[in-house]
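Participant: give me coordinates for this.
(2 chains)
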Amino acid sequence: MIASGGKNCCLLALAVSFAGIHAQAQIGDLSLADAQGKIHAIGELKNHQATVFLFVNSECPVSNGFCPVYEKLHRDFAGKGIGFFAVYCQTDLSPAEIILHGKEYKILFPQLLDPKQALAKRVKICLTPEAVVVDAKGKTLYQGRINDWYAPNGKRKAAPARQDLEEALKEIVAGKAITAPRAPGFGCPLPPAP
Amino acid sequence: MWYSLLLALLAPAADSAGVDEPVTFNRQIAPILWKHCVSCHRPGEIGPFSLLTYKDAAKRADFLASVTAERSMPPWKPAANYGHFVGERRLSQEEIDLISRWAKAGALEGSAKFAQPPPKFVSGWQLGEPDLILQMPKPYKISGKATDLNLVFLIPKPFQQDADISHIELRPGNPKVVHHALVLLDRTGKTKSIADRNEYGYPVFDGPGIQVTGALGFWSPAKTVTPLPPGIGRHVTKNDDVILQIHYHPNGKDEEDRTQVGIYFTKTPALKKATGLGLRTKNIDIPAGKKDHQSRISMLVPADCHALEIAPHMHYLGREMKTWVETPDGKEIPLVWIKDWDFNWQGSYSFAKPIALPKNSRIISVVTYDNSEDNPNNPNTPPKRITWGEGTKDEMHMCPVLVYPDNPADLAALIRISFLQDGGLAGMQAASANVRTSDLIPPGGIAIPENSPGLRWMFDKNKDGKFTAEEIDAMPVLVRNKVKDFLQKKQAGKKP
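Facilitator: Numbering: from 1, shown residues only, chains lettered A, B, ... in the order given. Predicted coordinates for the structure are as follows:
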C-alpha cells in the first residue's frame, strides 16, 4: 500500500539544499491560484512572519495520514503570525476534487494548485508530504518531514516521537534559530511534471 | 536457424521485447501489473490508487520502477528460495527490468493490437458463499486523528454445534483502514468478561490480553485464501467465542468499518485436526543500544506431523527472523526467512505443499533485534532496555507453526508441547514470567537455601553457593518460573 519511491531524487535534493544553504534561492514573483480561483502572490508573504507550504497528494496514503497534524498546527500557529498553504502538485486534479479532498481531510487553509510544479521546482520538492517554511522574503527556514512517524526507509513507527515541523514553528515564533532546519522525509514522489 | 528457433522457444514469454525494441504497456507491462498488483491496486480495494489502465500506470511509471527495483512492492517479506508459499507476490528480475526499461523510455502505451482485455474480478466472496457469515456486532468509527489502532471485537458463541473449519475469508468492511486482522478463539469466556467491562472495540497492542484457545486465521491484504487439505480441519466448539482482532491504519479522515468473516466448514468430518505449535519465548532481555541482539528458540516435535502455515512475529526492534527444522537424521528443512522485518507487513504464510516433520525433529527460530539508535523504528530515543511484553515498547519472539498430526491420536501430544514450550499455560501467565530476574535479587546474587541441594548441584555453575541473574535465566522455563515466583513472593513479603 505504501511505497518509498523517489529516495534518490530526495537525497539529491537534500544534498542540493545543504550545499546552497547560504545562497538560498527565493520563491520570487510566483503567483498560484487556489481551489476557489483566488490568486495568491506567494512571493509576497509580508503579512506573516513565516509561511508554511504543505506539499500534499490526495492519492498518497502517507500524505493523507498527516492531515490531522496540519489541522492541529494550523489551530496552534495561525494566530501567531504563521501563514498556511496546502500545495497540490498533481497534474490531473480538478479544483472540485481538491475542494472535496480539503473537506474530507479538514484542510482549513488555502489549497494551491501547482499542476506545472513551478513552486515545487523552486523549493526543490520531490515527494509528498513535505513542508517548506519560508520567511517574509521567501527564504527557506525549514524544509522536510512533518514528524518522524515514517523512517526514511518507509517503515512506520507506532507513533511519532519528534514533531519536526512543530518544533521549527515554535522556534520561529520564539524568534530563535532553528535547531534542525532540514529533516529527510518519506512519501510518494511527485507525479512527473507535464 | 534451429538454434535461434530453440532460443525463441526458450525465451520467457514476458520478455518478448528485444533489447532495442521499446517496452510498451499493452505488450509487456499490463500483464505484469494485472498479475501482481491489481488485486490491491484497483478501485474499491486497499491500494491507494488503481493500476488497471494505461493512464493509471503511465503517470506513475518512475515510481513503479523505483518501488519494484527496491522490492518494496509488491509487499512480500519471505526471502526467495527459503520455503515456498501459496500466493508468493514476487516479481522476477526480468519483470523488474521490463518496468524499468518502460519507465526510462517514456512509458509508451504501444500498439492497440497487443492490448488484452483487463482481468475480471470475482466480486464478493472469493471462494463462493460461505457456510456461515460472522460480522462485527455493529459498525465501528475510526477517527482520522488516531495513529495505529489494534482493536478487539467479540462475536459471542457463533457456532451452533461443534464443527471443523476448512478455511475462512475475511472481508474488510472498509479496505481503506483495515490493515490486517486475526481471527482467534476463546473457550474460557475471559475475553467476553474483558469486552463486557470495556467500550465497544477495546484497544490492545498485541494479543487480546488473554491466552487464546485457538486461531482461525491471519488476514492481510491480497492474502490468497487456502482451504486446508481434504480430511483436515480446525476444530471449533459451540462454546467458543470468536475474537476479531483488527489492526486499523487510520488514513487522516474519519472512517467507519464493519468487517465480516466468512466461515467454510469441511465437506466431510475432519479426521485430523490442525493445531498451532506455539514456538515462542518470554525470555527476552535486550540491552539498551545493542545492535545485534540474538534470540534463539526451539521446540522438539513430539509426533510425526505436517506443517501447513507459519506466522513470524516480532515488534519494532525485530530486524530478521529465520526458522527451520532439523530432522532426527540431520536434514535441514527451511521454513521461513524474513531478512528485513517490518511490523506493518507481518503475515501468515501457507506452505505451497504441507511439509513433513518427522517425530523428534527440532524447529529452530533465530531472530536479531536492533536496539541501537540506528534503528529508525526504535520506540525509545535514547534506546532503553527492552523485555518481553505485549506493549508497543516491548518485544516478542513468536513463530507459531500450524500442523496436523499424521496419526489423529497424536493431536494431544502436539497440543501439549505448545503449552510446555514456555512453562505451560500457567507458566505463560505466571506473574513472575515477565519480571526481570535482576530485579528480584541483589546485584551480587542470592544465597541458595540449604534445603535445595538439587538446585545448587544442577544450576550453580560456578559453585559459589549463590545464584546470579544469569544462572537463574539459564534454568529451564518451568524451574526458572518457580524460582522467580518464590523470589517474588519473598520480595513482596519483605515490603512493609
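
Participant: please make it C-alpha for all contacts and neighbour counts, starting now.
Facilitator: Will do.

Participant: give the burial count for the residue in the stretch 201-350 of chain B that chain A sits nearest to, as a bare number.
Facilitator: Using CA to the nearest CA, the closest approach of the stretch 201-350 of chain B to chain A is made by residue B:252 at 4.3 Å. Residue B:252 is surrounded by 25 other residues when neighbours are defined as other CA atoms under 10 Å in any protein chain shown.

Participant: residue B:235 too?
Facilitator: By the other CA under 10 Å criterion, the neighbourhood of residue B:235 contains 20 residues.

Participant: any idea which element it lies in?
Facilitator: With elements taken from DSSP states H and E, the one containing residue B:235 is strand B:232-236.

Participant: could you look up the SS state of the residue of the stretch 201-350 of chain B closest to chain A?
Facilitator: Under the three-state scheme (DSSP: H, G, I helix; E, B strand; the rest coil), the conformation of residue B:252 reads as coil.

Participant: which SSE is immediately downstream of the helix or strand hosting residue A:72?
Facilitator: According to DSSP H and E, residue A:72 maps onto helix A:67-77. Reading on from helix A:67-77 to the C-terminus, the next helix or strand found by DSSP H and E is strand A:82-88.

Participant: list the buried residues of the next helix or strand after that next one.
Facilitator: Proceeding N to C from strand A:82-88, the next assigned helix or strand is helix A:95-104, under DSSP H and E. For helix A:95-104, a neighbour-count test (16 or more other CA atoms under 10 Å in any protein chain shown) marks A:95, A:98, A:99, A:101, A:102 as buried.

Participant: give me the pLDDT value at the residue of the stretch 201-350 of chain B closest to chain A.
Facilitator: The confidence metric pLDDT takes the value 89 at residue B:252.

Participant: for residue A:69, same thing?
Facilitator: Looking at residue A:69, its pLDDT stands at 95.

Participant: what does chain A have sitting close to chain B?
Facilitator: A:1, A:3-6, A:59-61, A:64-69, A:104-106, A:151, A:155-159, A:161, A:189, A:191-192 (CA under 8 Å from any CA of the partner chain).

Participant: now do the helices in the chain.
Facilitator: Chain wasn't specified; assuming chain A. Taking DSSP state H as the criterion, chain A carries its helices at A:7-19, A:61-65, A:67-77, A:95-104, A:118-122, A:164-173.

Participant: switch to chain B, that's the one I care about
Facilitator: With DSSP H applied, chain B shows helices at B:2-10, B:30-36, B:54-58, B:61-69, B:93-104, B:190-197, B:411-421, B:424-428, B:453-459, B:469-473, B:477-494, listed in chain order.

Participant: pretty sure residue B:23 contacts residue B:101?
Facilitator: Yes: taking contact to mean CA atoms under 8 Å, the distance of 6.6 Å between residue B:23 and residue B:101 places them in contact.

Participant: list residues touching both of the two?
Facilitator: Common neighbours of residue B:23 and residue B:101, counting by CA atoms under 8 Å, 6 or more residues apart in numbering or on different chains, are absent.

Participant: neighbour-wise, which of the two wins?
Facilitator: residue B:23 (27 against 18).

Participant: separation between that one and chain A?
Facilitator: Here residue B:23 is placed at a distance of 19 Å from chain A (CA to the nearest CA, to the nearest Å).

Participant: shaky segments in the stretch 201-350 of chain B?
Facilitator: B:205-211 (pLDDT under 70).

Participant: same thing but at 80, please
Facilitator: Low-confidence regions of the stretch 201-350 of chain B, defined here as pLDDT under 80, cover residues B:205-213, B:222.

Participant: next to chain A, which bits of it? Give me the list.
Facilitator: Counting by CA under 8 Å from any CA, the residues of the stretch 201-350 of chain B that sit close to chain A are B:250, B:251, B:252, B:253, B:316, B:342, B:344.

Participant: neighbours of the second one, how many?
Facilitator: Think residue B:251. As a measure of burial, residue B:251 has 25 neighbours, counting by other CA under 10 Å.

Participant: give me the phi and psi angles of it.
Facilitator: When quoted as degrees, to the nearest 10, the phi and psi of residue B:251 stand at phi -110, psi 20.

Participant: then the fourth one?
Facilitator: Here the main-chain torsion angles of residue B:253 (degrees, to the nearest 10) amount to phi -140, psi 160.

Participant: just the pLDDT at the residue nearest to it when sequence neighbours are not counted, thanks.
Facilitator: The shortest distance from residue B:253 to any residue that is not its chain neighbour, by CA to CA, 6 or more residues apart in numbering or on different chains, is 3.8 Å, and that residue is residue B:144. Per-residue pLDDT puts residue B:144 at 87.

Participant: contact partners for residue B:144?
Facilitator: Each residue near residue B:144 by CA under 8 Å, 6+ apart is listed here: A:65, A:68, B:250, B:251, B:252, B:253, B:254, B:255.

Participant: quick check, the first one in contact with residue B:250.
Facilitator: Yes: counting by CA under 8 Å, residue A:65 does reach residue B:250; the two are 7.2 Å apart.

Participant: with neighbour numbers in mind, choose between those two.
Facilitator: It is residue B:250, of residue A:65 and residue B:250, that has more neighbours when counted by other CA under 10 Å, with 23 against 20.
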